[in-house]
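Novice: mind folding the following:
(2 chains)
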Protein chains: 2
Amino acid sequence: MGKDNKVSFNLKTPKGTKDWAGSDALLRDRIFTTIANVFKRHGGTALDTPVFELREILAGKYGEDSKLIYDLQDQGGEICSLRYDLTVPFARWLAMNTDVRSIKRYHIAKVYRRDQPAVSKGRMREFYQCDFDIAGQFDPMVPDAEVLRIVTEVFEELGWQGRYGIKINHRKVLDGLFEVCGVPQDKIRPISSAVDKLDKMPWAEVRKEMVEEKGLDGEVADRIEKYVNLKGGRDLLNSLLQDEALVANASAKAGLDDMGLLMDYLDAFGVLDRMSFDLSLARGLDYYTGVIYEIVTEGSAPPAQSAEETPKPKSSKKSKKGSNGDDDDRSNDPTVGVGSVAAGGRYDNLVGMFQPKAQIPCVGVSFGVDRIFSITKARLERDQSADVRSSEVDAFVMAFGGKGFTGMLKERMSVCQGLWNAGLKAEFSYKVKPKLPQQFKAAEQGGVPFAVILGEDEMAAGKVRIKEMGLEDGHPEKEGVLVDLTALPTELKTRLDAKKSVAGVTQQLEQVTV
Amino acid sequence: MGKDNKVSFNLKTPKGTKDWAGSDALLRDRIFTTIANVFKRHGGTALDTPVFELREILAGKYGEDSKLIYDLQDQGGEICSLRYDLTVPFARWLAMNTDVRSIKRYHIAKVYRRDQPAVSKGRMREFYQCDFDIAGQFDPMVPDAEVLRIVTEVFEELGWQGRYGIKINHRKVLDGLFEVCGVPQDKIRPISSAVDKLDKMPWAEVRKEMVEEKGLDGEVADRIEKYVNLKGGRDLLNSLLQDEALVANASAKAGLDDMGLLMDYLDAFGVLDRMSFDLSLARGLDYYTGVIYEIVTEGSAPPAQSAEETPKPKSSKKSKKGSNGDDDDRSNDPTVGVGSVAAGGRYDNLVGMFQPKAQIPCVGVSFGVDRIFSITKARLERDQSADVRSSEVDAFVMAFGGKGFTGMLKERMSVCQGLWNAGLKAEFSYKVKPKLPQQFKAAEQGGVPFAVILGEDEMAAGKVRIKEMGLEDGHPEKEGVLVDLTALPTELKTRLDAKKSVAGVTQQLEQVTV
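Specialist: Model (predicted):
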């Protein structure tokens, strides 16, 4: 098993992957829990699919990005690939389970893309997605509105009130608008892709791409400009409904009617004010057929930079942090666009690609957890609530004594037992005779809020001391409070609850937890 | 994207993998939550490693089972393989992070083995493991005892009280015992493997393997028999300490001293009565260096069958359920033995295989969740608490009315909004004008406990009706109770809490949940 004096292992994780440990892992798990709780509140049911699929299931779903799919080696047997997203496996499952005619499913899992990683930007080869989708034949825009309501609940429970915005648009409005402007049918998707870049580049550049690269008539492009600069709410919808040319187009009219219904429903759900009807939102993926949306937040967009400046300033300082140092600026995640933290839309034809008879309309959203994690962590650190701990221990049980002190190991174990039995989280030193400062240090390092201190005389009298960590000199409980051993769990719970309800910082973290 | 009238997709998951959906997924998630909560109560911190590792990291760790490792295709770049367990990635992480000198880490994740699947037995190519390990240099047997305490908490919170047993043994006792019996040094591991089969075959067969296959002297085998039939508690320990030959062996003596300490500590933790010191337990993996344990439960062992009977009765009925029909009886999961639902032990030398300077002693346990799931599910079904639902919705918000009824869609949405804001789980029909029976049917199918019924006159008066589903005729609240709309969340919460505390069946499920 390897020679002791010669280690030839390359001790690292594969390129574009990382380990999640300590407080990062805990914060990420809290984000998962928050998101999953919202999904469950809306009747979401969990679906878990294998990490790899038969290769033919993934084939022909991702266009030119198919080259980014990880293949398993052919070791005899089936040919498989790692999943690229959670949407295609969901569609495969719906096509296989034809008795399921409607479902709200959620899925929180890793997906794999053999892309050029950019660790400093959070673009990894292995990363998590949190997806919620509603499949089924329903009255128009009702499930669509609920998905958007879910988006608001997720971000508000993550503590992002007022710090995020939801852009919405409709593929039918967009397609109709292009027709009205005079875009030839075969150029609609390429022109749509060009429009989608308006959040990253100015109109002049997008126009150049339309006219010079994609051969669009300059006048047509100018007509498009008039529309795609429009953003608003019901006011915008009403003014578009006054646009006779637009309303005369069947696709645009159908899309606008949908948007009207959607706004009514978002109003009934109390979240219309978070939405911006934005005609520049186009979304990359071909399979969307109805409403589309993208959630942006302060700091989620790349730093503003005019087109005149040097196009690619290497941020060498950041790059060094990535284990491979090969960051680049290419962005090609089709699910979550640059600057967005979640995105989605209606896709009514994907299931039918597997099984035409099993066709089911779907609408859903995908949360980009890695980016949400980075922003949440930065905010917690900025707000100096940086005490994101790596464990959640409530109490550290310790002992001290004078000459001939035995260490009271079994007593510490027994007290821990009582706390565990009461559902409390407790730790103790694994040393037989630990020194008191060592025990306090361990509790401090773990950010443990309370010490439970055992002394020989006090134990003999059936008493232990509860001491809140980090109290200032002069605090009445600075030296701790002596309580009956039998009352310890209750006394500790009372203090934990009190601490939680006082500390604003803790509240903020709790918000992420609950 | 594919011709509509010709579907060439093979609609299935890869061999040995499956989708988890509906009530199965929910029950499995509850088991994960139960286990993770116990881990956290003991100060466990989460570690998440990539699903694939550099191939050289896995090489030389699994002996002849290395052939079961899934390799990724070489697409240019690093050569990687899917992880085979969670222990080797943990050891790799410890070797990489040399600043971490002690940690309690847990990891709940899928592992991959290109084995012959036996779906009916729950042996899959992709399956979950739940691992908890304590790494660090501590006083003897203290962390070992806490790991065993964790095992008891997990199974008791899963509702398995009195239905499981924990076998413990010690590698040093076993090695010393073999030496004392006269097993040559180079035969100790092979003879140990033979002993490990005593839970599946009678002594006569094991003896035959020792003598005929492994060339052991028959008299030595007979001396071994005297020991490996021994099971007990402190009584057994005390009688072994009277065995002069055994105590004269340094390894056996060290192991017995450890066992004595362990029993003291397990006593302090209040769980000594669940343990059985069992000298026939040997465990397959080479890397164990100290205490070893295996958790067995009624029904986790294969059906008893004497060696004289036909050795391999094909259970053709069961095999059909497996999607590939290629079940076989070979068992080669080294982490969780046949008949066991969890297993583990101390392994002090694994981290040093990666980085001798980073050597850290470790002790841990791995829970086989797929088997725990199957047994828990069967028990819930047997106990007729088969209402394991696929979602957790508290209330279905519905409306009805007479002639000219509008469907009250926005009112239903708005009432749902109020429930969601209060953290309650609520659903409503996505139809504009749903019929009342359809709405009740949807609530029944989802196992939703309460209906919230909107009527036009009642809404005008600011009232809604709460109706508990499934009440018998004659129950005072059979027709529901009219409450103020503003009080709805509180009234519903009160009823949900009352329902939970009454129903024994629900309690049992809650036990799995909390």
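Novice: ok, then the element right after the worst-scoring helix or strand of chain A on mean pLDDT?
Specialist: Ranked by mean pLDDT, DSSP states H and E, the helix or strand of chain A with the weakest confidence is helix A:316-319, at a mean of 36. Once helix A:316-319 ends, the next helix or strand along the chain (criterion: DSSP states H and E) is strand A:340-347.
Novice: for that next one, the averaged confidence score.
Specialist: For strand A:340-347, the mean per-residue pLDDT is 94.
Novice: that strand - contacts with which helices or strands?
Specialist: With contacts taken as 3 or more C-beta pairs under 8 Å, 6 or more residues apart in numbering or on different chains; DSSP states H and E, strand A:340-347 sits against helix A:142-157, strand A:291-297, strand A:362-368, helix A:369-382. In short, each C-beta sits where N, CA and C put it, glycine included.
Novice: list the contacts of the residue of the stretch 201-350 of chain A found nearest chain B.
Specialist: Residue of the stretch 201-350 of chain A nearest chain B, by C-beta to the nearest C-beta: A:Ala268 (3.8 Å). Residues in contact with A:Ala268, defined by C-beta atoms under 8 Å, 6 or more residues apart in numbering or on different chains, are A:145, B:409-411, B:413-414, B:417.
Novice: name the member of those residues with the most neighbours.
Specialist: A:Ala145 (24 neighbours; other C-beta atoms under 10 Å in any protein chain shown).
Novice: now that one. Nearest residue, chain neighbours left out?
Specialist: Of all residues not flanking A:Ala145 in the chain, A:Tyr265 sits nearest, at 3.5 Å (C-beta to C-beta, 6 or more residues apart in numbering or on different chains).
Novice: tell me how chain A divides into domains.
Specialist: Per the TED database, the structural domains of chain A span A:22-301+A:337-383, A:395-511.
Novice: mind checking the pLDDT average for the last one?
Specialist: Right, domain A:395-511. pLDDT averaged over domain A:395-511 gives 89.
Novice: are it and chain B in contact anywhere?
Specialist: Yes: using C-beta under 8 Å from any C-beta of the partner chain, domain A:395-511 reaches chain B at A:409-411, A:413-414, A:416-417, A:420-421, A:423-427, A:430-432, A:446.
Novice: those in helices, which ones?
Specialist: Judged by DSSP state H, helices contain the following of the residues of domain A:395-511 next to chain B: A:409-411, A:413-414, A:416-417, A:420-421.
Novice: which one of these is nearest to A:Leu237?
Specialist: A:Trp420 (58.0 Å; C-beta to C-beta).
Novice: surely that closest one meets A:Ser414?
Specialist: No: using C-beta atoms under 8 Å, A:Trp420 is not in contact with A:Ser414, being 10.7 Å away.
Novice: overlap in contacts, these two.
Specialist: Joint contacts of A:Trp420 and A:Ser414 (C-beta under 8 Å, 6+ apart) do not exist.
Novice: follow-up on the earlier one: let me have the helices and strands packed on strand A:340-347 in a markdown table, extended by mean pLDDT.
Specialist: What follows is those, written out as a markdown table (pLDDT from 0 to 100):
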| stretch | mean pLDDT |
| --- | --- |
| helix A:142-157 | 96 |
| strand A:291-297 | 94 |
| strand A:362-368 | 96 |
| helix A:369-382 | 86 |
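Novice: hang on, the earlier thing: which ones are touching the residue nearest to A:Ala145?
Specialist: A:141-142, A:144-145, B:409-410, B:413.
Novice: what of A:Val183?
Specialist: Here A:Val183 is in contact with A:191, A:216, A:220, A:224 (C-beta under 8 Å, 6+ apart).
Novice: if we go to 10 Å?
Specialist: A:175, A:177, A:190-192, A:210, A:214, A:216-217, A:220-221, A:223-224 (C-beta atoms under 10 Å, 6 or more residues apart in numbering or on different chains).
Novice: relative to chain B, how far out is it?
Specialist: Taking C-beta to the nearest C-beta, to the nearest Å as the measure, A:Val183 falls 22 Å from chain B.
Novice: now do the SS call for that residue.
Specialist: Following DSSP: H, G, I helix; E, B strand; the rest coil, we place A:Val183 in the coil state.
Novice: and the pLDDT for it?
Specialist: 97.
Novice: so which bits of the stretch 151-300 of chain A are right by chain B?
Specialist: The stretch 151-300 of chain A comes close to chain B at residues A:153, A:156-157, A:261, A:264-271, A:286-287, as judged by C-beta under 10 Å from any C-beta of the partner chain.
Novice: still on that earlier bit, looking at the contacts of A:Val183, spot the one nearest A:Glu491.
Specialist: A:Ser192 (63.9 Å).
Novice: where does the nearest residue to the closest one once chain neighbours are set aside land in three-state SS?
Specialist: In this structure, A:Ser192 finds its nearest non-sequential neighbour in A:Ala282, 4.6 Å apart by C-beta to C-beta, 6+ apart. Of the three states, A:Ala282 takes coil under three-state DSSP.
Novice: re earlier: so which of the ones in helices among the residues of domain A:395-511 next to chain B comes closest to A:Asn238?
Specialist: Once C-beta to C-beta is applied, the member of these that ends up nearest A:Asn238 is A:Trp420, at 62.0 Å.
Novice: that closest one is in contact with B:Glu153, isn't it?
Specialist: Yes: using C-beta atoms under 10 Å, A:Trp420 makes contact with B:Glu153 at a distance of 6.7 Å.
Novice: check the burial of A:Glu126 by counting its neighbours.
Specialist: Close neighbours of A:Glu126, defined as other C-beta under 10 Å, add up to 21.
Novice: list the buried residues for stretch A:47-64?
Specialist: A:47-55, A:57-58, A:61-62 (16 or more other C-beta atoms under 10 Å in any protein chain shown).
Novice: export it to PDB, keeping only CA atoms.
Specialist: Coordinates of each C-alpha in stretch A:47-64 appear next as PDB, following Å, rounded to 0.1, in the frame of the first residue of the first chain:
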ATOM      1  CA  LEU A  47     -37.300  13.900  -6.800                       C
ATOM      2  CA  ASP A  48     -33.800  12.500  -6.800                       C
ATOM      3  CA  THR A  49     -32.300  11.100 -10.000                       C
ATOM      4  CA  PRO A  50     -29.000   9.300 -10.600                       C
ATOM      5  CA  VAL A  51     -25.900  11.500 -11.100                       C
ATOM      6  CA  PHE A  52     -25.400   9.900 -14.500                       C
ATOM      7  CA  GLU A  53     -27.800   9.200 -17.300                       C
ATOM      8  CA  LEU A  54     -27.700   7.000 -20.400                       C
ATOM      9  CA  ARG A  55     -25.700   9.200 -22.800                       C
ATOM     10  CA  GLU A  56     -28.600   9.200 -25.400                       C
ATOM     11  CA  ILE A  57     -30.900  10.800 -22.900                       C
ATOM     12  CA  LEU A  58     -28.700  13.900 -22.800                       C
ATOM     13  CA  ALA A  59     -27.900  14.000 -26.500                       C
ATOM     14  CA  GLY A  60     -29.400  16.800 -28.600                       C
ATOM     15  CA  LYS A  61     -30.600  18.800 -25.600                       C
ATOM     16  CA  TYR A  62     -27.900  21.400 -25.000                       C
ATOM     17  CA  GLY A  63     -26.800  22.500 -28.500                       C
ATOM     18  CA  GLU A  64     -23.200  23.400 -28.800                       C
END
